[in-house]
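Undergrad: Fold the following for me, if possible:
(one chain, ligands or ions: 1)
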Amino acid sequence: MNDQTVSRALFNEVMVPNYNPQPIVPVRGKGSRLWDQDGREFIDVTGGIAVNVLGHCHPALTEALKSQADKLWHLSNVFTNEPALNLARKLTEMTFAERVFFCNSGAEANEAAFKLARKYAFDHYGEEKNEIISFRQSFHGRTLFTVSVGGQEKYREGFEPVPRGITHAEFNNLDSLKSLISDKTCAVVMEPIQGEGGVIPADPEFVKGVRELCDQYNALLVFDEVQTGVGRVGKLYAYMDTPVVPDVLTTAKSLGGGFPIGAMLTTTRIAKSFGMGSHGSTYGGNPLGCAVAGAVIDEVSRPELLEGVAQKRALFEEGLEQINAKYQIFREIRGKGLLIGAELVEKWHGKAGEFLAAARDEGVLILVAGPKVLRMAPALNIPDEDIGAALQRLDAAMEKKLSGS
Ligand SMILES: *Cc1c(COP(=O)(O)O)cnc(C)c1O
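TA: Model (predicted):
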């Protein structure tokens, strides 16, 4: 039975108002479908913001969580544990990385990466080499260090003073990076596809240029793959679909498929700068999170699943083009794999949230990425029928919204 003593209205009475959640309260999920307190069904193409990579309550993940729950929940890093060792082995076998640091979120993974970049530069080149360059509109998390590295000023405003030694170049503009990079730069940080910033893929030529500049100035290249990682673009990690390999990679969101976990991946040589006692996390690498993430990696790395991503993207693109042919509402449909951005035509800039609400009223849950882009980040195993139904409902939402305005 649903708990009728709690409702959306209670949120405003008992929660800090840093979120403004949707009026529905989902209580149950299966695959890419959700049901709210009143039993209304929704198709979920938000994927929990690129987290529920295998949909809700995937049997393999539920099984991994339940069987680990009966064995061992937590030890602290005074001990290692089997699920953490197994997961680290998988991640190092499947990527460029040779070493893994576990934590609990994307921001924590980035915090570790930025600290490691500074420490590595300090160890090898001295304290002057401490500057971090990232890109405008980028998003790297909500801790003070990660909002400072992130390229969206609104997330820093009012929280000053913020950490120093951070500058922001223009994304996809190599000259802009050239004008900022120097021997003092310890790291360049980028998302292979800017997610929160509007679903903007990095040009392959740009990525190559960033790698070359990092090599020239002995700066580490950090890829924030918190949103693009774990199969989202049809490869296990998005860097595998670019001409370069980063020095440090951060991953979270889909890694746990809905259970909180994050990780920072790097090479043996760079990892040495995080010596005994230099960094840590109480929950980082806990058996529950690592057991679930191990099951996620097993499922996602299956070739059928990764290959299905392109086919499912094609279905979304086709449907969105059809909607666009009817209503002339999108300026551009972009992204890679199942990270899909649809920028609204100028007339609707600033109104993305209204389309999200209209879609919800028709029973399909979508995301926005800023005020002018609709975003979808569904489960990678979303059934084709659910894609069809989601697009139908989106079409109906557009029709209602546009006729009512
Ligand atoms: C979501 C996100 C983060 C922050 O992850 P949290 O788990 O919310 O801390 C960092 N970087 C990118 C690219 C993200 O999309």
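Undergrad: Please parse this protein into its domains.
TA: Following automatic domain parsing, the chain resolves into domains at 8-58+303-403, 72-300.
Undergrad: pLDDT below threshold where in this protein?
TA: 1, 405 (pLDDT under 70).
Undergrad: how about the helices in it?
TA: 8-14, 47-50, 59-69, 82-94, 106-125, 144-149, 174-180, 204-216, 268-271, 287-300, 303-327, 352-361, 384-403 (DSSP state H).
Undergrad: Let me have those in JSON lines, extended by mean neighbour count and distance to residue 337.
TA: No exception for glycine: its C-beta is placed from N, CA and C like everyone else's. Shown next, in JSON lines, are the helices of the chain (neighbours: other Cβ atoms under 10 Å; distance: least, Cβ to Cβ, whole Å):
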{"stretch": "helix 8-14", "mean neighbour count": "10", "distance to residue 337": "33"}
{"stretch": "helix 47-50", "mean neighbour count": "22", "distance to residue 337": "11"}
{"stretch": "helix 59-69", "mean neighbour count": "16", "distance to residue 337": "20"}
{"stretch": "helix 82-94", "mean neighbour count": "18", "distance to residue 337": "17"}
{"stretch": "helix 106-125", "mean neighbour count": "23", "distance to residue 337": "18"}
{"stretch": "helix 144-149", "mean neighbour count": "22", "distance to residue 337": "25"}
{"stretch": "helix 174-180", "mean neighbour count": "15", "distance to residue 337": "25"}
{"stretch": "helix 204-216", "mean neighbour count": "16", "distance to residue 337": "15"}
{"stretch": "helix 268-271", "mean neighbour count": "15", "distance to residue 337": "28"}
{"stretch": "helix 287-300", "mean neighbour count": "24", "distance to residue 337": "12"}
{"stretch": "helix 303-327", "mean neighbour count": "15", "distance to residue 337": "5"}
{"stretch": "helix 352-361", "mean neighbour count": "18", "distance to residue 337": "21"}
{"stretch": "helix 384-403", "mean neighbour count": "17", "distance to residue 337": "14"}
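Undergrad: I'd like to know which of those helices is closest to residue 224.
TA: helix 106-125 (6.0 Å; Cβ to Cβ).
Undergrad: who does that closest one touch, helix- and strand-wise?
TA: On a contact count with 3 or more Cβ pairs under 8 Å, 6 or more residues apart in numbering; DSSP states H and E, helix 106-125 meets strand 99-103, strand 131-135, helix 144-149, strand 185-190, strand 220-224, strand 248-251, strand 262-266, helix 268-271.
Undergrad: Contact partners for the residue in the stretch 101-250 of the chain that the ligand sits nearest to?
TA: Nearest residue of the stretch 101-250 of the chain to the ligand (Cβ to the nearest ligand atom) works out as residue 106 at 2.3 Å. By Cβ atoms under 8 Å, 6 or more residues apart in numbering, residue 106 lies in contact with 140, 141, 224, 226, 227, 250, 252, 253, 262.
Undergrad: again with residue 67
TA: Counted by Cβ under 8 Å, 6+ apart, residue 67 has contacts residue 291.
Undergrad: Show me which residues of the stretch 1-150 of the chain are close to the ligand?
TA: For the stretch 1-150 of the chain, the contact set with the ligand under Cβ under 6 Å from any ligand atom comprises 105, 106, 107, 110, 139, 140, 141.
Undergrad: before we move on, the earlier item: ok, which of the helices of the chain comes nearest residue 243?
TA: Closest approach to residue 243 among those (Cβ to Cβ): helix 204-216, 5.0 Å.
Undergrad: From the chain's centroid, how far away is the closest one?
TA: Mean-position distance between helix 204-216 and its chain equals 23 Å (Cα atoms, centre = their mean, to the nearest Å).
Undergrad: So residue 136 sits against residue 153, correct?
TA: No. At 9.1 Å, residue 136 does not count as touching residue 153 under the criterion of Cβ atoms under 8 Å.
Undergrad: neighbour-wise, which of these two wins?
TA: Of the pair residue 136 and residue 153, residue 136 is the one with more neighbours under other Cβ atoms under 10 Å, namely 16 against 10.
Undergrad: Without its sequence neighbours, what residue ends up closest to the more buried one?
TA: Sequence neighbours aside, residue 151 is the residue nearest to residue 136 in space, at 4.1 Å (criterion: Cβ to Cβ, 6 or more residues apart in numbering).
Undergrad: what's around the one you found, how many residues?
TA: Residues near residue 151, counting by other Cβ under 10 Å: 23.
Undergrad: how about residue 395, what does it touch?
TA: Residues near residue 395 by Cβ under 8 Å, 6+ apart: 319, 322, 323, 326.
Undergrad: What's the separation between the most centrally placed residue in the chain and residue 266?
TA: Closest residue to the average C-alpha location of the chain: residue 227 at 1.8 Å, with Cα atoms, centre = their mean. Separation of residue 227 from residue 266 (Cβ to Cβ, to the nearest Å): 19 Å.
Undergrad: cool, residue 180 as well?
TA: From residue 180 to residue 266 the distance is 23 Å (Cβ to Cβ).
Undergrad: Same question for residue 23.
TA: Separation of residue 23 from residue 266 (Cβ to Cβ): 43 Å.
Undergrad: So those two - more neighbours on which side?
TA: The residue with more neighbours, out of residue 23 and residue 266, is residue 266; 28 against 12, by other Cβ under 10 Å.
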